[in-house]
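A.B. asks: Sequence and computational prediction follow.
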Amino acid sequence: MSPVTRDQDSATAERTGNWRTIAPGPAELDPRGYARRRTLLERGLAVLVPVALIGLWQILAGAGVLESNYFPAPTEIAASWADLVANGVYQESVLASLGRIVSGYLLGTLSAVALGMVIGSVRLIRVALEPTISALYTVPKLAILPLLLLIFGLGETSKILLVALTCFFVVLINTIDAVGGVSPRYHDVGRSAGASRWSTLLHITLPAALPQTLTGMRIASGLAVIVIVGAEFVAADAGLGFLVWNSWNLGVPEHMYVGIVSISLIGVVFGLVLRGVEWLLTPWNR
């Protein structure tokens, strides 16, 4: 029987017989098919919007509306991209930046998660260290790049440490808050079952804190990409940041846009990878 709804209140509808039938929608008739079509529509829009913007850019550049010295046509950027790939310059730039980002990110986030679990689990330590952590977090990490260069020189160490410090404080604060926010009832259940402090931390606290911790790790991945570009502007002879800066100095905007687009793509890929990790590690949140 088709679902019905009353136009008036129940008593009036029963007395007058004024019922109105509502046909089931597509979501009710075929929920799985509707969900698939909805997913395809959303993904199609996610692809269509940037494609449409690039197409509009190409049309305006071809019509001379956009100044080619500042906004070269996408086809010119694509041709320059191919030249950089053919010369090996592009691969060298991407690998240099990726190596610094991944090394610094892993160093900063893994140490932050381990330390954040300890600080968040012991209230006295958390109260003692939170003001210092907050003060250090607010310091712009690019501001300490000269200090790192002074200590470690122009090599890879200074840039990797800069990325690590940037990621460290973001993940540390999120982990401390996540661990401190775990309901005491979870710990009571663990103690009732005879779990040790280590077992409670590993099997109760860590899973409960994981979603917020992973959110902090996603935020840190974007900041890692941003900060390494800034570091490569002034303290590198290879990398996507150096490619952008050097292209500006040489007056080659096409190469500059190649670097900018590549930086954004790396950020998107990192975000997708971390969402996949979150999907695997937190099945209860799917």
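C.D. replies: Looks like it came in fine.

A.B. asks: thinking L281 is in contact with L210, fair?
C.D. replies: Yes. Counting by Cβ atoms under 8 Å, L281 does reach L210; the two are 6.1 Å apart. In this view, the C-beta of every residue, glycine as well, is placed from N, C-alpha and C.

A.B. asks: Settle it for me: which of these two has more neighbours?
C.D. replies: Taking neighbours as other Cβ atoms under 10 Å, L281 and L210 compare with L210 leading, 18 against 14.

A.B. asks: in the host helix or strand of that one, what's buried?
C.D. replies: Secondary-structure assignment from DSSP states H and E places L210 in helix 206-234. Within helix 206-234, the residues that count as buried by 16 or more other Cβ atoms under 10 Å are 206, 208-210, 212-233.

A.B. asks: same thing with stretch 64-79?
C.D. replies: Buried-residue list, stretch 64-79, by 16+ other Cβ under 10 Å: L66, P72, A73, P74, I77.

A.B. asks: before we move on, the earlier item: pLDDT averaged over the helix holding L210 - what is it?
C.D. replies: Averaging pLDDT along helix 206-234 yields 91.

A.B. asks: ditto for stretch 258-278
C.D. replies: If you average the pLDDT values across stretch 258-278, you get 91.

A.B. asks: Could you list the buried residues of it?
C.D. replies: Buried residues in stretch 258-278 (16+ other Cβ under 10 Å): V258, G259, I260, S262, I263, I266, G267, F270, L274, E278.

A.B. asks: Please give me every residue in contact with the residue nearest to the last one when sequence neighbours are not counted.
C.D. replies: The shortest distance from E278 to any non-neighbouring residue, by Cβ to Cβ, 6 or more residues apart in numbering, is to L214 (4.5 Å). Residues counted as contacts of L214 (Cβ atoms under 8 Å, 6 or more residues apart in numbering) are L274, V277, E278, L281, T282.

A.B. asks: still on that earlier bit, looking at the buried residues of stretch 258-278, which are in helices?
C.D. replies: Per DSSP state H, helices hold the following members of these: V258, G259, I260, S262, I263, I266, G267, F270, L274, E278.
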